[in-house]
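A.B. asks: Structure, please.
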Amino acid sequence: MKVIFMGTPDFAVPSLKAIAQAHEVIAVVTQPDKRKGRGKAIVFSPVKEEALKLGIPVLQPHKVREEEFVEELRKLEPDVIVVAAFGQILPESILLLPPYGCINIHASLLPKYRGAAPIQWAVIEGEKESGITTMYMSKGLDTGDMIDKVSTPLSVKETGESLHDKLATLSGPLILKTLESLQDGTAVRTKQNDEESCYAPMLDKETGRIDWNDPADRIERLVRGLNSWPSAYTDLSGRILKIWEAEVVDDPMSEATPGTIVSVEKDSFSVMTGKGQLKITSLQLQGKRRMSTHDFLLGNPMKEGQRLNGNNDEDKNGH
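C.D. replies: Alright, predicted model coming up:
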């Protein structure tokens with residue numbers, strides 16, 4: 001099949017590589033290059049880097065809905081367009097262009113977790129499994145008819161990053177299976193049940209701000225779900241403290257105010273939450289590297305009664 005592949009981040013690379021081995025990828029469409037760092041060096045998207053390695057022509061429109069770009073795709077005469085985390089909404093003029101349609105590789109078991117961040121929200125919400133769904137694209141947000149799925153269990157220590165890598169690996173074999181079914185006419189169209197859907201909104205820095213009134217298990221899942229980006233964090237004496245690893249400690253007896261440090265051990269400290277305690281085992285203070293809590297405590301002694309997300313008693317007294 002003549003395939004146009006549209007994608008941008010690391011997640012899309014395994015599916016591009018798989019398709020390129022089995023089909024003719026006539027073009028790759030990815031987001032425009034960005035400038036990053038102090039030197040403002042131009043940085044290619046991971047998908048562009050892979051396309052260049054494979055010798056595939058790369059298109060980088062600022063807006064895919066512009067007629068000039070749509071006409072460029074039309075001249076390529078693709079059999080199918082495959083989309084994986086591209087980053088722009090496709091207009092109907094593109095959705096209706098290829099004979100086999102536009103097929104999306106979505107990182108959840110639809111209809112659950114439609115939206116921009118299905119991987120992280122599956123961890124945050126405590127799902128036992130997640131997966132990849134291939135689907136026909138429509139004008140709605142991840143609402144098109146489903147074609148195929150593959151699922152994987154979430155481990156008790158699953159992070160957003162580890163689940164991202166699992167699902168990216170699963171996407172290659174699944175999209176090849178989907179393209180084969182399209183080609184031989186066996187692809188199914190299964191409508192989504194909108195009543196079973198939920199939205200996975202885009203992540204930003206504020207998503208990671210810890211509310212210590214939440215239960216410890218919810219905060220622990222937030223820590224894992226936002227690892228490695230944008231990370232869960234709190235405030236320690238006016239500085240951002242990122243929490244990278246934590247454990248839930250059941251303690252029905254404590255009546256401390258949420259956000260209060262209730263115990264300090266050699267390798268950890270525990271914070272009171274709305275229900276239970278959260279033991280912090282890996283963290284990163286603003287301006288410092290990520291480290292174990294053991295190493296952190298060597299240079300930053302903590303004490304019971306100290307507050308996170310607010311001033312402790314000594315701070316209030318001006319000391």
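A.B. asks: Verify the assumption that Leu298 is located in a helix.
C.D. replies: Yes - applying DSSP: H, G, I helix; E, B strand; the rest coil, one finds Leu298 inside a helix.
A.B. asks: ok, now how distant is it from Met291?
C.D. replies: 9 Å (C-beta to C-beta, to the nearest Å). From N, CA and C alone the C-beta is placed, and that goes for glycine too.
A.B. asks: neighbour count winner among those two?
C.D. replies: For Leu298 and Met291, the more surrounded residue by other C-beta atoms under 10 Å is Met291, and the numbers stand at 16 against 11.
A.B. asks: Test my guess that the more buried one contacts Leu297.
C.D. replies: No - contact criterion C-beta atoms under 8 Å: Met291 and Leu297 do not qualify, at 9.8 Å.
A.B. asks: Please look at Gly131 and Pro153 and confirm they touch.
C.D. replies: No - at 9.6 Å, Gly131 and Pro153 do not qualify as touching, with contact defined as C-beta under 8 Å.
A.B. asks: residue boundaries of the strands in the stretch 51-200 of the chain?
C.D. replies: Secondary structure of the stretch 51-200 of the chain, counting by DSSP state E, counting those that start in this stretch: strands at 58-59, 80-84, 102-106, 114-115, 129-136, 146-153, 199-200.
A.B. asks: Show me the contact partners of the first one.
C.D. replies: What it means is strand 58-59. Here strand 58-59 makes contact (C-beta atoms under 8 Å, 6 or more residues apart in numbering) with 27-30, 48, 51-52, 69, 72.
A.B. asks: Buried subset of these as a ChimeraX selection?
C.D. replies: Buried residues within the contacts of strand 58-59, by 16 or more other C-beta atoms under 10 Å, are selected in ChimeraX with:
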select :27,28,29,30,48,51,69
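A.B. asks: So which of the contacts of strand 58-59 are in helices?
C.D. replies: Here DSSP state H is the test, and these give 48, 51-52, 69, 72 as lying in helices.
A.B. asks: mind listing the helices for the stretch 201-319 of the chain?
C.D. replies: Along the stretch 201-319 of the chain, counting by DSSP state H, counting those that start in this stretch, helices occupy 216-225, 293-299, 313-316.
A.B. asks: one step back: would you list the strands of the stretch 51-200 of the chain in JSON lines and tack on mean pLDDT, distance to Thr260 and mean neighbour count?
C.D. replies: Output for those, formatted as JSON lines (pLDDT from 0 to 100; distance: least, C-beta to C-beta, whole Å; neighbours: other C-beta atoms under 10 Å):
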{"stretch": "strand 58-59", "mean pLDDT": "98", "distance to Thr260": "53", "mean neighbour count": "16"}
{"stretch": "strand 80-84", "mean pLDDT": "98", "distance to Thr260": "45", "mean neighbour count": "25"}
{"stretch": "strand 102-106", "mean pLDDT": "98", "distance to Thr260": "41", "mean neighbour count": "24"}
{"stretch": "strand 114-115", "mean pLDDT": "96", "distance to Thr260": "35", "mean neighbour count": "18"}
{"stretch": "strand 129-136", "mean pLDDT": "98", "distance to Thr260": "34", "mean neighbour count": "23"}
{"stretch": "strand 146-153", "mean pLDDT": "98", "distance to Thr260": "35", "mean neighbour count": "16"}
{"stretch": "strand 199-200", "mean pLDDT": "96", "distance to Thr260": "32", "mean neighbour count": "18"}
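A.B. asks: Rebuild those strands as a markdown table, extending it with distance to Ser263.
C.D. replies: Putting those into a markdown table (distance: least, C-beta to C-beta, whole Å) gives the following:
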| stretch | distance to Ser263 |
| --- | --- |
| strand 58-59 | 55 |
| strand 80-84 | 46 |
| strand 102-106 | 43 |
| strand 114-115 | 39 |
| strand 129-136 | 34 |
| strand 146-153 | 33 |
| strand 199-200 | 35 |
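A.B. asks: closest one to Lys36 among these?
C.D. replies: Minimum separation from Lys36 across the strands of the stretch 51-200 of the chain (C-beta to C-beta) falls at strand 58-59, 18.6 Å.
A.B. asks: and the closest one, which strands flank it?
C.D. replies: Strand partners for strand 58-59, identified by DSSP bridges, are recorded as strand 24-29 (parallel).
A.B. asks: continuing past the partner strand, what's the next helix or strand?
C.D. replies: With elements assigned by DSSP states H and E, the helix or strand that comes after strand 24-29 is strand 34-36.
A.B. asks: before we move on, the earlier item: could you identify the most distant pair in the ones in helices among the contacts of strand 58-59?
C.D. replies: Pairwise distances across the ones in helices among the contacts of strand 58-59 peak at 19.9 Å for Leu52 and Phe69 (criterion: C-beta to C-beta).
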